[in-house]
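Enquirer: give the three-dimensional model of this entry:
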Amino acid sequence: MATTICNGFSRSWGWPTNNQRLIFVLAFALGLTSPGCKRHPNATAASPTPAANIPAQIWNEFSGDKAFALVKAQCDIGPRPSGSAELERARSIITAQLERNGWSVQRQSFTDNTPRGPVEFVNLIARYGGSEKTQQFIVASHYDTKIFDTIHFVGASDGASSTGALLELSRVLALDPALARRIELVFFDGEEAVVQYSQSNGVLTDGLYGSRYYAKDLAATGRNRQFRAGVLWDMIGNSKLNITLSPDSPAQLMQEIFAAADQLQSRSAFSISDRIILDDHAPLNDVKVPMIDLIGFDYPYWHTSDDTLDKLSPQSLKTVGAVTLRWLKNASNQAYAGQ
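Expert: Sure thing, here's the model as predicted:
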């Protein structure tokens, strides 16, 4: 999930790694074995939606029940730490669902050193319409779970909730192809620290592996300049929803999110944390992509074996999905107006 920073130091609570079990086989899942950054060979493009059929209020199309089912599919695999066979199965499910919804999927593979040795990480990047130049907004989630030796950690809220909801978002966005082409969906690997979040000379050395690599690649290729803003989801399914925004969030972006929540009468579910939160949004902000973290950090089951599906609510997933869609539509309209 994330950690908080108090007085300039990161704070996290690390437990040992998990017992890996419960192999889940999905009949329609597609195997992913291609190394490096390339498009999945089975990616297909959806037929354009007729203009008459594009929902005027697309945020109303987000289904909490469908998102919840996709969250369950992740949890059913069991623990999904980086580098595991279980996480590869999760990737297969994610890729199959994205392609079913008309998105092309790129595997961004890389190896990084961790406190437990080298690990291969794989970010999944989804784009609609076949081009890498039309995207102006990012919506992201991490899909790995923290490593534990002593507990069975399925990460229902911490990893699965945002991942399942992001897959539902891909379905809804495809109803408006012009909007979908302006969005890049990213599933980060390696958000969780292998041991615990740590720094050396001000540089993070454990945790946020996927987002750090993705952000570095954006800066190296110059693609960071094409993005206007982005939203990160993390731990968004708590039945007692309280999305806590980090106080150092980009001010304009925070105002826009609050405005979208107000428009949907959901403002009470969003507040500002009293602690700076370190999460996958931070590396994007570092490369000048304004990014905000929508995270339910006030979650008593964080990094425990009780982070299970029964603690989540389809309505919470719907609330975060709808507010994000309303923000995307508002921001996209403003982007058009500015061109």
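Enquirer: quick check: bridge partners of residue 312?
Expert: Beta-bridge partners recorded for residue 312 (DSSP bridges): residue 238.
Enquirer: so it sits against residue 161, correct?
Expert: Yes: if you go by Cβ atoms under 8 Å, residue 312 and residue 161 touch, sitting 6.0 Å apart. The way it works is simple: take the backbone N, C-alpha and C, and place the C-beta from them, glycine included.
Enquirer: give me the pLDDT for residue 338.
Expert: Looking at residue 338, its pLDDT is 44.
Enquirer: now do residue 90: how many residues are near it, please.
Expert: By the criterion of other Cβ atoms under 10 Å, residue 90 has 28 neighbours.
Enquirer: assess the claim that it and residue 75 are in contact.
Expert: No: using Cβ under 8 Å, residue 90 makes no contact with residue 75, being 10.1 Å away.
Enquirer: if we can go back for a sec, so residue 312 and residue 161 - more neighbours on which side?
Expert: Between residue 312 and residue 161, residue 161 has the larger neighbour count (other Cβ under 10 Å), namely 34 against 27.
Enquirer: quick one, phi/psi of that one?
Expert: Main-chain torsions, residue 161, degrees, to the nearest 10: phi -60, psi -50.
Enquirer: can you check the one 5 residues further on too?
Expert: Summarising the backbone geometry of residue 166 under the convention degrees, to the nearest 10, its torsions are phi -70, psi -30.
Enquirer: next: residue 112.
Expert: Here is the backbone geometry of residue 112 (degrees, to the nearest 10): phi -130, psi 150.
Enquirer: report the beta-bridge partners for it.
Expert: residue 119.
Enquirer: count the neighbours of it for me.
Expert: Per other Cβ under 10 Å, the neighbour tally for residue 112 reads 18.
Enquirer: mind pulling up the pLDDT for it?
Expert: 97.
Enquirer: so which bits of stretch 250-270 are buried?
Expert: For stretch 250-270, the neighbour count (16 or more other Cβ atoms under 10 Å) marks 250, 253, 254, 256, 257, 258, 260, 261, 264, 266, 269, 270 as buried.
Enquirer: do the same with stretch 291-303
Expert: For stretch 291-303, a neighbour-count test (16+ other Cβ under 10 Å) marks 291, 292, 293, 294, 295, 296, 297, 299, 302, 303 as buried.
Enquirer: okay, the helix or strand hosting the second one in PDB with CA atoms only?
Expert: In the assignment (DSSP states H and E), residue 292 maps to strand 291-295. Listed in PDB are the C-alpha atoms of strand 291-295, where the atom choice follows Å, rounded to 0.1, in the frame of the first residue of the first chain:
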ATOM      1  CA  MET A 291      -0.500  13.300  -9.500                       C
ATOM      2  CA  ILE A 292      -2.900  12.800  -6.600                       C
ATOM      3  CA  ASP A 293      -3.400   9.800  -4.300                       C
ATOM      4  CA  LEU A 294      -6.900   8.700  -3.600                       C
ATOM      5  CA  ILE A 295      -6.300   6.400  -0.700                       C
END
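Enquirer: heading C-terminal from that strand, find the next helix or strand.
Expert: Taking DSSP H and E, what comes next after strand 291-295 is helix 314-338.
Enquirer: can you give me the helices in the stretch 1-150 of the chain?
Expert: Per DSSP state H, counting those that start in this stretch, the stretch 1-150 of the chain carries helices over the ranges 64-77, 85-100.
Enquirer: got it, and the stretch 151-300 of the chain?
Expert: 162-173, 177-180, 209-221, 251-263, 281-286.
Enquirer: and the last one, what's buried?
Expert: Yep, that's helix 281-286 we're talking about. For helix 281-286, the neighbour count (16+ other Cβ under 10 Å) marks 281, 282, 283, 284, 285 as buried.
Enquirer: need the contact partners of that helix.
Expert: By Cβ atoms under 8 Å, 6 or more residues apart in numbering, the residues outside helix 281-286 that reach it are 138, 140, 208, 211-212, 214-216, 218, 230, 232, 246, 250, 291-293.
Enquirer: quick check: the gap between residue 213 and residue 135.
Expert: 18 Å (Cβ to Cβ, to the nearest Å).
Enquirer: surely residue 259 meets residue 334?
Expert: No: with contact defined as Cβ under 8 Å, residue 259 does not count as touching residue 334 (11.4 Å).
Enquirer: now the stretch 201-339 of the chain, which segments are flagged as low pLDDT?
Expert: For the stretch 201-339 of the chain, the stretches with pLDDT under 70 are 335-339.
Enquirer: can you list residues touching both of residue 312 and residue 161?
Expert: Counting by Cβ under 8 Å, 6+ apart, the common neighbours of residue 312 and residue 161 are 71, 237, 238.
Enquirer: ok, these vs residue 325, which is closest?
Expert: The closest of the shared contacts of residue 312 and residue 161 to residue 325 turns out to be residue 237 (Cβ to Cβ; 16.8 Å).
Enquirer: what's the burial count for that closest one?
Expert: Neighbours around residue 237, by other Cβ under 10 Å: 30.
Enquirer: mind listing what it touches?
Expert: Residues counted as contacts of residue 237 (Cβ under 8 Å, 6+ apart) are 68, 71, 156-157, 160-162, 165, 296, 311-313, 316-317.
Enquirer: just these now: which is nearest residue 181?
Expert: Using Cβ to Cβ, residue 165 is the member of the contacts of residue 237 that sits closest to residue 181, with 20.6 Å.
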